[in-house]
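1. I would like the atomic coordinates for the input below:
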Amino acid sequence: MKELVLELTAHDIKVGDKCGYKAANVTEDTLFIVDNVPVGFYLKSVDGAIKQLLAIANKEFRSDNVPKSEMNRVKPLGKKDGKIVYDRITQYSTTLGSIAPALHMRRPYASISSVHQKKSARPFIKAMLLLCRGAEPLMQEHLPEIYLKQKEVIKENVGEQWQFSELFTSSISNYNIAVDYHRDTKNLQDTVNCIFTKRFDSTGGYLNVPDYDVTIECGDNSLLCYPAWHNIHGVTPIQIQSSEGYRNSLIFYPLKGFGD
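-> Okay, here's the model as predicted:
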């Protein structure tokens, strides 16, 4: 695995800014190093059982078996007969595991995603739980110190009933969603997210971290583990190449707000 030392780069990007197109400059198995300490890694493609679980989770997520929050993005394609023609791109997401309290939404309590109550979603939930657990030995192998620290942080800050696994509280799966620059401020510190990607006939949808001028390709069957609470980051625009094209991210993360 290649080691990449991340060095701070000056930029004027702020939270909320749009993430424009950027070419990927991380396209192979890479261990990210900051101040001589590994902080994350990228695997171009997982294999074996974890690859099979990813395929199952992705198939179920895209099916009608799983409830989703839907949205539509309108993209201008150009003019035809003097009129602007638009392409409507379907986007949706699904959350699993624990949902933290949100006082600004008048929800001062933690809860479990309602998807868990849907019988048809059980194969998806099972595949995601197994996929989550499959990521843990990869973290232990490539980020042994963070792996142990994250287990400790979860144990100390998250009640057992809110744990999605020993390392995470929650999961979100996104279909064709590119995200503006943000920092995951609701995540527990000293932890990493695990981001699996499935895609077909699509380009873009790369994760950009401007602090280090790094853009990670997030290829099909890839896994990225990175401390999303630490740096602002965004997802570059997704270009769908055919009617069958898509780019999905299946993400596991540890949230604050789940004490006993």
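2. got the CA coordinates for stretch 58-70 in CSV?
-> Coordinates of each C-alpha in stretch 58-70 appear next as CSV, following Å, rounded to 0.1, in the frame of the first residue of the first chain:
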residue,chain,number,x,y,z
ASN,A,58,-26.2,-2.1,-3.0
LYS,A,59,-28.8,-4.3,-4.8
GLU,A,60,-31.2,-4.1,-1.9
PHE,A,61,-30.7,-0.4,-1.5
ARG,A,62,-31.6,0.2,-5.1
SER,A,63,-34.7,-2.0,-4.9
ASP,A,64,-38.2,-1.1,-3.8
ASN,A,65,-37.6,-3.2,-0.6
VAL,A,66,-36.0,-0.3,1.2
PRO,A,67,-37.8,3.0,2.2
LYS,A,68,-36.0,6.1,1.0
SER,A,69,-36.0,9.8,1.3
GLU,A,70,-36.2,11.0,-2.3
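3. tell me which residues in it are buried?
-> 58, 60, 61, 62, 66, 67, 68 (16 or more other Cβ atoms under 10 Å). C-beta here means a position set from N, CA and C on the backbone, and glycine is covered the same way.
4. which parts of stretch 6-14 are buried?
-> So for stretch 6-14, counting by 16+ other Cβ under 10 Å, buried means 6, 13.
5. And the helices in the stretch 51-200 of the chain, which stretches?
-> 122-142, 144-157 (DSSP state H, counting those that start in this stretch).
6. From the chain's centroid, how far away is the first one?
-> So that's helix 122-142. 14 Å (Cα atoms, centre = their mean, to the nearest Å).
7. just use 6 as the starting number from now, easier for me
-> Sure, I'll start counting at 6 from here, so that last one is helix 127-147.
8. mean confidence for it?
-> Taken as a whole, helix 127-147 has a mean pLDDT of 96.
9. Show me what counts as buried in that helix.
-> 129-130, 132-141, 143-144, 147.
10. ok, now the last one?
-> Judged by neighbour count (16+ other Cβ under 10 Å), helix 149-162 contains these buried residues: 151, 152, 155, 156, 158, 159, 162.
11. Check stretch 245-259 too.
-> 245, 251, 252, 253, 254, 255, 256, 257, 258, 259.
12. where does the residue positioned nearest the centre of the chain fall, phi/psi-wise?
-> The centroid of the chain falls nearest to residue 256 when counting by Cα atoms, centre = their mean (3.5 Å). Per-residue torsions, residue 256: phi -120, psi 140 (degrees, to the nearest 10).
13. Specify the local secondary structure of residue 13.
-> Judged by DSSP: H, G, I helix; E, B strand; the rest coil, the three-state class of residue 13 is coil.
14. if I pick it, what's in contact with it?
-> Contact partners of residue 13, counting by Cβ atoms under 8 Å, 6 or more residues apart in numbering, are 216, 217.
15. Now it. Its backbone dihedrals?
-> Dihedral angles for residue 13 - degrees, to the nearest 10 - are phi -60, psi 140.
16. Residue 217 too?
-> Dihedral angles (degrees, to the nearest 10) for residue 217: phi -120, psi 10.
17. State the distance from it to residue 205.
-> Taking Cβ to Cβ, to the nearest Å as the measure, residue 217 falls 29 Å from residue 205.
18. residues contacting residue 171?
-> 141, 156, 159, 160.
19. again with residue 143
-> 48, 51, 55, 228, 230.
20. Mind checking which of the residues you listed land in strands?
-> The strands, defined by DSSP state E, take in 48, 228, 230 from the contacts of residue 143.
21. which residue packs closest to the first one, ignoring adjacent ones?
-> Spatially, and ignoring its direct neighbours in sequence, residue 48 is nearest to residue 228 (4.5 Å; Cβ to Cβ, 6 or more residues apart in numbering).
22. Kindly confirm whether my reading is correct that that neighbour touches residue 197.
-> No: counting by Cβ atoms under 8 Å, residue 197 is not a contact partner of residue 228; they are 11.1 Å apart.
23. before we move on, the earlier item: can I get the ones in strands among the contacts of residue 143 in a markdown table with pLDDT, distance to residue 172 and neighbour count?
-> Putting these into a markdown table (pLDDT from 0 to 100; distance: Cβ to Cβ, whole Å; neighbours: other Cβ atoms under 10 Å) gives the following:
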| residue | pLDDT | distance to residue 172 | neighbour count |
| --- | --- | --- | --- |
| 48 | 98 | 17 | 21 |
| 228 | 98 | 14 | 26 |
| 230 | 98 | 10 | 24 |
